[in-house]
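> Everything below, folded, please.
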Amino acid sequence: MKGTNYKTHPGNIVITVIAVIVAIAGACYFIRYWRYSTKYEETNDAQVESYINPISARAGGYIKRVCFDEHQLVKQGDTLVMLDDREYRAQLDAAGAAVEDVHAQLTVLSANIHAAEISTSVNHDQINGARARYIQQEQDIKRYTNLVKEEAVTGADLELARLNLSYTVIRAPYSGRLGRKNILEGQQIQPGQSLVSIINEQEKWITANYKETQVAEMYVGQPVDIRVDAIANKVFKGKIVAIAGSTGARFSLLPPDNSTGNFVKIIQRVPVKIMFESKESGDVIAGMNVTVAVKKRSQS
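Below you'll find the model as predicted:
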């Protein structure tokens, strides 16, 4: 009998080659990841942060004009909202008139006191009359003192009226980008009411929530590589500026208490604050997801 020749199917060859390539690629990836993990502590549980502050009204009234658009860039001192100031101007005019009235009363009283002094010096012989006038003069001096005090109170009212009038123009406290526009002309607002939020784009940082098993060798000043999900093929440089004194769960409204029920062990996260080292973070906005890799102490 002739020997049987077995031919390898071409499809099997292709599958074998693909399997070998996948195995080699997997091995290379594993080795690369292992080498990387020995040098860096990495997490993708991180977001870009920035100060977002509400701009509140100091005075109440009707909105006369809204001078900004939604998400607009503004500079410090730019006018954002103007209130109807007619009522506050009327209060200022009334306070100014009250001050002028007090000054007029002081002028008249000073003239009367001066006349009484002259009359007293001329009539030295009329002792009884001089005594009576002296008593009257003392009373006038008391009145004068009281009017001086009243003038101070009226002056404080005038300054308060001026201050309230200045509150009818609401300006940007610093340069930044505004948030959503939720107010319109003609709307009634109250003192302390939040009108719009402003984002301080001059100061940005990252809050990275590392596992408790990753922070043992972290320290302030440690270099960090930052990759932003929205910006591909770019690595930002940063450094650690603060490590939280407790886990994030401790800051929650209802922190866990393992003594009150069944215990389930969960790896806790420790917030780490990271600052950008360069000013090239203009395209990065608050809330973006990032991946951060901290160089280990032995590799720094």
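
> Gln47 - that's part of a strand, no?
Yes - counting by DSSP: H, G, I helix; E, B strand; the rest coil, Gln47 is found in a strand.

> wait, it sits on Gly287?
Yes - using CB atoms under 8 Å, Gln47 is in contact with Gly287, at 6.1 Å. Bear in mind the C-beta positions are built from the backbone N, C-alpha and C, glycine included.

> Please identify which of the two sits among more neighbours.
Each of Gln47 and Gly287 has its neighbours counted (other CB atoms under 10 Å); Gln47 has more, 13 against 10.

> Now do the more buried one against Ile267, distance only.
Plainly put, Gln47 is 19 Å away from Ile267 if you go by CB to CB, to the nearest Å.

> With adjacent residues omitted, what lies nearest to the most centrally placed residue in the chain?
Geometric centre of the chain, nearest residue: Asn53, 3.8 Å, by CA atoms, centre = their mean. Closest residue in space to Asn53, ignoring its immediate chain neighbours: Ile198 at 5.9 Å, by CB to CB, 6 or more residues apart in numbering.

> What of Asp283?
Distances taken as CB to CB, 6+ apart place Ile231 nearest to Asp283, at 6.2 Å, with adjacent residues excluded.

> Okay, and the one you found sits in which element?
Using DSSP states H and E, Ile231 sits in no helix or strand.

> With Glu280 as the reference, measure out to it.
Noted for Ile231: a distance of 10 Å to Glu280, by CB to CB.

> how many other residues sit next to Gln136?
By the criterion of other CB under 10 Å, Gln136 has 14 neighbours.

> do Phe236 as well
The local packing of Phe236 (other CB under 10 Å) involves 20 other residues.

> for Ala161, same thing?
Counted with other CB under 10 Å, the neighbours of Ala161 add up to 20.

> didn't it look like it was pressed against Ala98?
No - contact between Ala161 and Ala98 fails when scored by CB under 8 Å: they sit 9.9 Å apart.

> Isn't Arg89 up against Arg162?
No - if you go by CB under 8 Å, Arg89 and Arg162 don't touch, sitting 10.3 Å apart.

> quick one, what contacts Val224?
Taking CB atoms under 8 Å, 6 or more residues apart in numbering, we find Val224 in contact with Lys237, Gly238, Lys239, Ile240, Ile274, Val292, Ala293, Val294, Lys295.

> and the second one, that one's in a helix?
No - Gly238: not assigned to a helix; according to three-state DSSP it is strand.

> Which strand residues bridge it?
Note on Gly238: beta-bridge partners by DSSP bridges are Val224, Phe276.

> where in this protein is pLDDT low?
1-9, 32-37, 109, 112-134, 137-138, 140-155, 297-300 (pLDDT under 70).

> mind listing the strands in it by residue range?
Along the chain, counting by DSSP state E, strands occupy 40-56, 61-66, 73-74, 79-83, 169-171, 176-178, 188-189, 194-211, 223-228, 235-243, 269-276, 289-295.

> Could you dump those into TSV with distance to Val102 added?
Shown next, in TSV, are the strands of the chain (distance: least, CB to CB, whole Å):
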stretch	distance to Val102
strand 40-56	35
strand 61-66	29
strand 73-74	42
strand 79-83	30
strand 169-171	29
strand 176-178	45
strand 188-189	34
strand 194-211	37
strand 223-228	64
strand 235-243	56
strand 269-276	57
strand 289-295	64
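
> which residue packs closest to Arg269, ignoring adjacent ones?
Nearest residue to Arg269, sequence neighbours excluded (CB to CB, 6+ apart): Asn209, at 3.9 Å.

> What is the burial count for that neighbour?
Counted by other CB under 10 Å, the residues lying close to Asn209 total 17.

> Where do the helices of the protein begin and end?
For the chain, applying DSSP state H gives helices covering 10-39, 86-122, 127-166.

> hey, C-alpha coordinates of stretch 232-243 in CSV?
Coordinates of each C-alpha in stretch 232-243 appear next as CSV, following Å, rounded to 0.1, in the frame of the first residue of the first chain:
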residue,chain,number,x,y,z
ALA,A,232,-5.6,62.9,21.8
ASN,A,233,-1.9,62.4,21.4
LYS,A,234,-0.9,65.0,23.9
VAL,A,235,0.6,64.5,27.4
PHE,A,236,0.4,67.4,29.9
LYS,A,237,2.9,67.7,32.7
GLY,A,238,1.8,68.2,36.3
LYS,A,239,2.7,67.7,39.9
ILE,A,240,1.0,66.7,43.1
VAL,A,241,0.2,69.7,45.3
ALA,A,242,-2.0,68.0,48.0
ILE,A,243,-3.1,64.6,49.2
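
> Might you report the residue contacts of Val48?
By CB under 8 Å, 6+ apart, the neighbours of Val48 are Lys204, Trp205, Ile206, Val228, Val284, Ile285, Ala286, Gly287, Met288, Val290.
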